[in-house]
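1. Here is my input; please provide its structure:
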Amino acid sequence: MNEQANTGAKSAILESEYHYSQEVIKKLSDYFDAKVVGQQQLKFSLIAAILADGHILVESVPGLAKTTAAKAISDAVDGQFARIQCTPDLLPGDIVGTQIYNQANGKFETILGPVFANFVLLDEVNRSSAKTQSAMLEAMQEKHVTIGGTTYNMPEDVFIVIATQNPIEQEGTYPLSEAQTDRFIIKEVITYPLAAEEVEILNRIESGVISRVDPAVLTIKDIDQVQDIVDKVYVDESIKWYISSIIVASRRASQIQGLEIGKYVRIGASPRASIAFLKMAKASALMHGRTYVTPDDVKMVRHQVLRHRIGLNYSAVADNITVEQVIDGIVNSVKTP
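-> Numbering: from 1, shown residues only. Sure, this is the predicted structure:
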């Protein structure tokens, strides 16, 4: 990217806006670190996705602080928060709301569900049935739901769904459909903590730090304003072509010469992946103190953006090929601008 493009990028964001955004990002980061030990990759993904105004899917085995991390981010902001524990008997009306007959006045009254909040935590989303999972589709994509023929809008300023799920190999899980997972701007996968981090977790449990409820350090207006600043981050035309080339390569991976791993791809990424790359790369740039996107920003979010959008075939399972390996092969096959 040439210097002229960089100069143009900096002029799109005022200096006061830049410093304000860095202050908000630091407060979010510090609050997360006070509640969650390690998991720096998860912290980056959560903050970047919120700044990019996208929904987040987090996967890991039970007990690795998925819920704690999601709650920490939402607690940092003084907004409406709702937690929905997903179980097999959870009904769509339990999430979006329903109509109840009022015998006193002989009329049906609409009772809105917990989804009408700024931050909605869907805990263990894949333990609910497919019918219940689909109840979130309209809310996540259109930012409104329909109850009894009437449309009700989500909060206008900030509406973020943070869903956690267990690996589908575990008992009592229902795989999310491609249509639903595509609505999440990213999917992050959490791994086990290191030995030193585990000791720190025990120390914080003893001291009561983790269970303590600290006051919020930001408002919904802060998040809303920084989301607007993220939109102003400059993206050169060459970066947009780079993103497009990666997505197109994912759709014809088996035809790319020299990409042996491409034979494992069953389905490529949708146009939503391009949009997710653009938004996440902008958020990454701002989190790294820049007002313009570089190819490294795109590469940095490649796994989060693509791991739930690229489908692998049965040969990949048989050969122990992971989706991350395939993503790396696809991205490496595309020339960096």
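2. would residue 57 count as being in a strand?
-> Yes: the assignment for residue 57 (DSSP: H, G, I helix; E, B strand; the rest coil) places it in a strand.
3. In this structure it contacts residue 187, no?
-> Yes: here residue 57 reaches residue 187: they are 4.4 Å apart, a contact under C-beta atoms under 8 Å. C-beta: built from backbone N, CA, C; applies to glycine.
4. The helix or strand containing residue 246: which residues count as buried?
-> When elements are assigned from DSSP states H and E, residue 246 belongs to helix 237-251. Buried residues in helix 237-251, counted by 16 or more other C-beta atoms under 10 Å: 239, 240, 242, 243, 245, 246, 247, 249, 250.
5. before we move on, what about stretch 259-271?
-> For stretch 259-271, the buried set under the neighbour-count rule, 16+ other C-beta under 10 Å, comprises 259, 261, 262, 264, 265, 268, 269, 270.
6. Pull the distance from it to the chain's centre.
-> For stretch 259-271, the gap between its own C-alpha mean and the chain's C-alpha mean amounts to 22 Å (C-alpha atoms, centre = their mean, to the nearest Å).
7. do the same with stretch 74-88
-> Here the centre of stretch 74-88 is set off from its chain's centre by 15 Å, with C-alpha atoms, centre = their mean.
8. Start at 343, not 1
-> Noted, 343 is the first residue going forward, which turns the last one into stretch 416-430.
9. what mean pLDDT would you report for it?
-> Per-region confidence: stretch 416-430 scores 87 on mean pLDDT.
10. Between the two ends of it, how far is it?
-> In terms of C-alpha to C-alpha, to the nearest Å, the two terminal residues of stretch 416-430 are separated by 26 Å.
11. same check, this time on stretch 380-399
-> One end of stretch 380-399 to the other measures 19 Å (C-alpha to C-alpha).
12. Return the set of buried residues in that stretch.
-> Buried residues in stretch 380-399, counting neighbours by 16+ other C-beta under 10 Å, are found at 380-381, 384-399.
13. I'd like to know which elements the helix holding residue 588 is packed against.
-> helix 613-629, helix 637-642, helix 665-674 (3 or more C-beta pairs under 8 Å, 6 or more residues apart in numbering; DSSP states H and E).
14. quick revisit: list the residues that contact both of residue 399 and residue 529?
-> Residues within reach of residue 399 and of residue 529 at once, by C-beta atoms under 8 Å, 6 or more residues apart in numbering, are 523, 650.
15. What are the boundaries of the helices in the stretch 493-642 of the chain?
-> With DSSP state H, counting those that start in this stretch as the criterion, the stretch 493-642 of the chain has helices at 520-523, 537-549, 562-573, 579-593, 613-629, 637-642.
16. For the first one, which helices and strands make contact with it?
-> The one in question is helix 520-523. For helix 520-523, where contacts count as 3+ C-beta pairs under 8 Å, 6+ apart, the packed elements are helix 472-484.
17. so what secondary structure elements neighbour the helix it packs on?
-> helix 434-438, strand 486-489, strand 502-507, helix 520-523.
18. Comparing those, which stretch has the densest surroundings?
-> Each of those was given a mean neighbour count from mean count of other C-beta atoms under 10 Å, and the largest, a mean of 26, is that of strand 502-507.
19. avg pLDDT for that one?
-> For strand 502-507, mean pLDDT is 88.
20. For that strand, which strands pair with it and how are they oriented?
-> Based on DSSP bridges, the pairing partners of strand 502-507 within the sheet are strand 397-401 (parallel), strand 461-465 (parallel).
21. got the contact list for that strand?
-> Surrounding strand 502-507, the residues in contact under the criterion C-beta under 8 Å, 6+ apart are 388, 391-392, 395-402, 408-409, 412, 415-416, 460-468, 478, 481-482, 515, 518, 526.
22. same check, this time on stretch 622-633
-> Applying C-beta under 8 Å, 6+ apart, the set of residues contacting stretch 622-633 is 351-352, 354-355, 360, 363-364, 367, 386, 389-391, 393-394, 396, 527-528, 568, 571-577, 581, 585, 634-636, 639-640, 642-643, 646-647.
23. Apply 7 Å and report the result again.
-> Contact with stretch 622-633 is made by 351-352, 354-355, 360, 363-364, 367, 389-390, 393-394, 527-528, 571-572, 575-577, 634-636, 639-640, 642-643, 646-647, as judged by C-beta atoms under 7 Å, 6 or more residues apart in numbering.
24. Buried residues of it, list them for me.
-> Within stretch 622-633, the residues that qualify as buried by neighbour count (16+ other C-beta under 10 Å) are 622, 623, 624, 625, 626, 627, 628, 629, 632, 633.
25. What of stretch 655-667?
-> 658, 663, 665.
26. of these, closest to residue 553?
-> Nearest to residue 553 among these is residue 665, at 35.8 Å by C-beta to C-beta.
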